[in-house]
Each structure stands twice: as structure tokens, then as C-alpha cells.
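**Q** Structure for the following, please:
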Amino acid sequence: MNSSELKFLVDVGVGRKVEEYLQLQGYDTKAVRDIDPRMQDKEIIRIAVSECRIVITMDKDFGELIYHSSMEHCGVLLLRLEGATGAEKVKVVNDILANYSDQIKNCFCVFQNDKIRIKKIKR
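**A** Residues are numbered from 1 along each chain as shown. Model prediction:
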């Protein structure tokens, strides 16, 4: 899937390096920090749905909202990379997009321990 087909909303905890990387790669990318750094998770998902964006986050609470509260979404990429540098996060995102970009839209994805789990959530 090329960069014109995926759009992202990057949560504050992910960091500027990932935001900048995605923009440089030609992805339509918005950053929560530029909208409202204190935005609630539910509002982040609402914005992402209204603009058909995949949320990139490091916040596990998004799993609760998607799985248990059954919130509509266009995809969530949860990076379990506690303590990772910006460069390490960029490498992971680059690898995910290079190998799985055609599979992550409308899915709940978790990257942890050098592996990605992609799950289609029925709404």
C-alpha cells in the first residue's frame, strides 16, 4: 500500500521523530500534540475515525476502548516500546510499513518483542 492510501494520527507519547518520519515518507500525518496534547483517548479515536486515520500510540488504554467499549476505529498501531529512542521507534514503524502496510488499516495491531500481532476487530 502506498503512502497516499494510509493516513495517521500520532499520539503524543510516540514522539516527533515518528511524526517527522511519516511526513517525510509522504504519509498524510497529524500529531495529537499539534491539536491538543491533553486530548482524551476517546476524542483521539473520534478524530481518527472522522478523518479515516490509523492511530499510532504507546498507550495501552486504546485496547480497552477498541475491545471492551467497541469504539469504531480505522486502525490502531500500539507500539510497546517503553524506553525506546526516537530513532528506534522510527525503525520499527519503517519496518512495519515496509512489511505490513497492506494489512494494518481497520485493524488493532500491537508491536512487542520484535513481533507484530494484527487483529481485525469486528464492529
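
**Q** now the strands: where do they sit in this protein?
**A** Taking DSSP state E as the criterion, the chain contains strands spanning 7-10, 28-31, 54-57, 76-79, 107-112, 115-120.

**Q** Which helix or strand in the chain has the lowest average pLDDT?
**A** Lowest mean confidence among the helices and strands of the chain (mean pLDDT, DSSP states H and E): helix 61-63, at a mean of 90.

**Q** gap between it and the chain center?
**A** Relative to its parent chain, helix 61-63 has a centroid offset of 11 Å by C-alpha atoms, centre = their mean, to the nearest Å.

**Q** contact partners of that helix?
**A** 41, 45, 55, 76, 78, 108, 110 (C-beta atoms under 8 Å, 6 or more residues apart in numbering). Placement of C-beta: from N, CA and C, glycine included.

**Q** rewinding a little: of the strands of the chain, which approaches residue 37 most closely?
**A** strand 28-31 (9.2 Å; C-beta to C-beta).

**Q** Residue 53 and residue 46: what is the separation?
**A** 11 Å (C-beta to C-beta, to the nearest Å).

**Q** quick revisit: can you point out the buried residues in the least confident helix or strand of the chain?
**A** residue 62 (16 or more other C-beta atoms under 10 Å).

**Q** before we move on, the earlier item: ok, residue 53 and residue 46, which is more surrounded?
**A** Using other C-beta atoms under 10 Å as the criterion, residue 53 and residue 46 rank with residue 53 on top: 24 against 15.

**Q** That one contacts residue 7, doesn't it?
**A** Yes: counting by C-beta atoms under 8 Å, residue 53 does reach residue 7; the two are 4.4 Å apart.

**Q** Quickly list what's touching both of the two.
**A** 28, 30.

**Q** List the contacts of residue 86.
**A** Shown in contact with residue 86 (C-beta under 8 Å, 6+ apart): 15-18.

**Q** For PyMOL, write a command that selects the buried ones of those.
**A** One line in PyMOL is enough to select the buried members of the contacts of residue 86, burial here meaning 16+ other C-beta under 10 Å:
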select buried, resi 15+18
